[in-house]
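Student: Sequence below, structure please.
(chains A, B, C and D)
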There are 2 protein chains.
Amino acid sequence: MSKADDSLHRRPDLRAARPVPSLQGITEMAARDRAYHDLRYRILMGRLAPGTTLLETELAGLLNLSRTPVREAVIKLAEEGLVEVRPRHGVTVKPLTVKDVADILDIFSALEVRAVELVARIGLPATEWRQLERLASDMERETARGDIAAWSELDDEFHAHIVALCGNDRLQEALGACWGQQYRARLCIVPLRPSPVQSDLEHRGILEALKLGDSALARLRHQQHRDRADAQQLHLLKSHLGTNGMA
Amino acid sequence: MSKADDSLHRRPDLRAARPVPSLQGITEMAARDRAYHDLRYRILMGRLAPGTTLLETELAGLLNLSRTPVREAVIKLAEEGLVEVRPRHGVTVKPLTVKDVADILDIFSALEVRAVELVARIGLPATEWRQLERLASDMERETARGDIAAWSELDDEFHAHIVALCGNDRLQEALGACWGQQYRARLCIVPLRPSPVQSDLEHRGILEALKLGDSALARLRHQQHRDRADAQQLHLLKSHLGTNGMA
DNA sequence: CTTCCAGACAATGCATACATTGATTCAACA
DNA sequence: TGTTGAATCAATGTATGCATTGTCTGGAAG
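Tutor: Numbers count the residues shown, from 1 in each chain, chains lettered A, B, ... in the order given. Alright, predicted model coming up:
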């Protein structure tokens, strides 16, 4: 049995829940994964703009690899919904329409609400609860300072941390995939966001429900949190970008 | 624009929601997809028993293909959770533990409830409603006749049909993946199932809520339906198979 | 007898070669 | 001038070859 296997079930693995781009230690990975992470990173960060079309050969050249691992990476990205492969036209970085984001958020929301419900049912270890409290406080501090970007990072971490405790690896992984898809949309509305006072309040409410172990309450509160936050996100997207494709 | 593209948004595509194994027209597919569908079929139908381990080369020989398309198919199956690849030990058909099934059903349930809610919100076209009514009636007939297998098929179709109307392709696709994963578990408890009178009643209730366009009611009823049905399925699995891996 | 090390072997991961097939262009005919 | 057809070309999908690397076995030493 490998080390990776048993470590998987001891501490919550944040990376699985938070596929926020990161390229550390990318050199020691297999070529296929390097290609995957590299391309994903470029797409999510906007360095590969939506609509960009490249041939498999060009991608291989770009990454200094042969077509085989690049191809496998591209297939994975396509299944994840980040690119589209049209058999003789190359792979295109998918633009996200508002409808796309709405669809993604629908899935994301349904899954995350369930995850929170599960966490409440399992019960939140004291250590984790303290960590989450700390994150909530940090967010409130950033709200006060008006640093929305920092707040947003912490928000990601907060949600991911809860999800990582749900005990359902598949659920966590599915959420990771959704996360990646909505990341670009999230990025581009960060500067437009109003002060997240309401979210901070709701986070406290969710934490309280989790601490109580009241799964129905946690479920309800998180559902409301997401409904409101998603509606806001969609509203911002719609009003500032029209309904066409975008980053 | 290709034919497949616009047809996708006209009529509900049941295949996407119902990845029930089927191998028709498999000869005219690309090798990669042939490999994928063929292997998936064999796994889901139990012709490749859980625990079976094969080398890439052996699989290629089995399907009369080279390693490349087989490899891509295997990667897809692995992402879907049906097989596990251990780098120098071959690919193993994953056994499903009760915990696995519980995890899968958790996701499935969360997503399907959301899908039903969406359908209620969108509104159910009269044509579709009539189709669903017909399916419900057919199920009731099978219940009366005591043909659980036939009932189960219809139940699949009923659920898939509703999901296909939710207007969220990604959601539908995600449900398809879950479906595949729980299929084996479902298969092996079919003969153990009690008469599904309760499900028939609940189906009527869901249809009613859908007809009314009451999304909250639809959501509630479907949630209850799934909770009960899933619990029953898990109970049957647990009591008749122990907690170890199985088909 | 058990454990550790070294060497051989074989499966995979990557690279590359090849064939298929669809797109594009140019020309001819209506 | 517009449309249709064929021919060429190039990108992908598949096959195969090669090198890396992990595993397993056998032997020796503690």
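Student: avg pLDDT for the host helix or strand of residue A:232?
Tutor: Applying DSSP states H and E as the criterion places residue A:232 in helix A:215-241. Regarding helix A:215-241, the rounded mean pLDDT is 94.
Student: now the helices: where do they sit in chain A?
Tutor: Along chain A, counting by DSSP state H, helices occupy A:3-7, A:14-17, A:31-44, A:56-63, A:67-80, A:98-122, A:126-145, A:148-163, A:169-189, A:197-212, A:215-241.
Student: Is it possible to get a markdown table of those that adds distance to DNA strand C?
Tutor: Placement of C-beta: from N, CA and C, glycine included. Conversion of the helices of chain A to a markdown table gives the following (distance: least, C-beta to the nearest atom of the strand, whole Å):
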| stretch | distance to DNA strand C |
| --- | --- |
| helix A:3-7 | 14 |
| helix A:14-17 | 20 |
| helix A:31-44 | 3 |
| helix A:56-63 | 7 |
| helix A:67-80 | 4 |
| helix A:98-122 | 24 |
| helix A:126-145 | 34 |
| helix A:148-163 | 28 |
| helix A:169-189 | 19 |
| helix A:197-212 | 39 |
| helix A:215-241 | 29 |
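Student: out of those helices, deepest packed?
Tutor: Ranked by mean neighbour count, these are led by helix A:98-122 with a mean of 22 (mean count of other C-beta atoms under 10 Å in any protein chain shown).
Student: anything in it sitting right up against chain B?
Tutor: Yes - Helix A:98-122 reaches chain B (C-beta under 8 Å from any C-beta of the partner chain) through A:103, A:104, A:106, A:107, A:109, A:110, A:111, A:113, A:114, A:118.
Student: Where does the prediction get shaky in chain A?
Tutor: The model of chain A has pLDDT under 70 over residues A:1-27, A:242-247.
Student: Near chain B, which residues of it are found?
Tutor: By C-beta under 8 Å from any C-beta, the residues of chain A that approach chain B are A:68, A:71-72, A:75-76, A:79, A:81, A:103-104, A:106-107, A:109-111, A:113-114, A:118, A:168-171, A:174.
Student: related to what we said a few turns ago, for the helix holding residue A:232, the distance to its chain's centre please.
Tutor: 15 Å (C-alpha atoms, centre = their mean, to the nearest Å).
Student: hang on, the earlier thing: nearest to residue B:97, out of the helices of chain A?
Tutor: helix A:169-189 (12.3 Å; C-beta to C-beta).
Student: quick revisit: output the helices of chain A in a markdown table; the columns should cover distance to residue B:124.
Tutor: As requested, the helices of chain A are exported to a markdown table (distance: least, C-beta to C-beta, whole Å):
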| stretch | distance to residue B:124 |
| --- | --- |
| helix A:3-7 | 46 |
| helix A:14-17 | 35 |
| helix A:31-44 | 37 |
| helix A:56-63 | 43 |
| helix A:67-80 | 30 |
| helix A:98-122 | 18 |
| helix A:126-145 | 41 |
| helix A:148-163 | 33 |
| helix A:169-189 | 27 |
| helix A:197-212 | 33 |
| helix A:215-241 | 23 |
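Student: residue contacts, residue A:66?
Tutor: Neighbouring residues of residue A:66 by C-beta atoms under 8 Å, 6 or more residues apart in numbering or on different chains: residue A:60.
Student: Which one of the residues in chain A is closest to DNA strand D?
Tutor: Nearest residue of chain A to DNA strand D, counting by C-beta to the nearest atom of the strand: residue A:56, 3.5 Å away.
Student: how close does that residue sit to residue A:73?
Tutor: Using C-beta to C-beta, to the nearest Å, residue A:56 is found at 10 Å from residue A:73.
Student: next one: phi and psi at residue A:168?
Tutor: With angles defined as degrees, to the nearest 10, residue A:168 sits at phi -120, psi 100.
Student: before we move on, what about residue A:164?
Tutor: phi -60, psi -10.
Student: I'd say it and residue A:172 touch.
Tutor: Yes - the pair residue A:164 / residue A:172 is scored as a contact, 6.3 Å apart, by C-beta atoms under 8 Å.
Student: Tell me who's in contact with the closest residue to residue A:238 other than its chain neighbours.
Tutor: Distance criterion C-beta to C-beta, 6 or more residues apart in numbering or on different chains; nearest residue to residue A:238, sequence neighbours excluded, is residue A:98 at 5.5 Å. By C-beta under 8 Å, 6+ apart, residue A:98 lies in contact with A:234, A:237, A:238, A:241, A:243.
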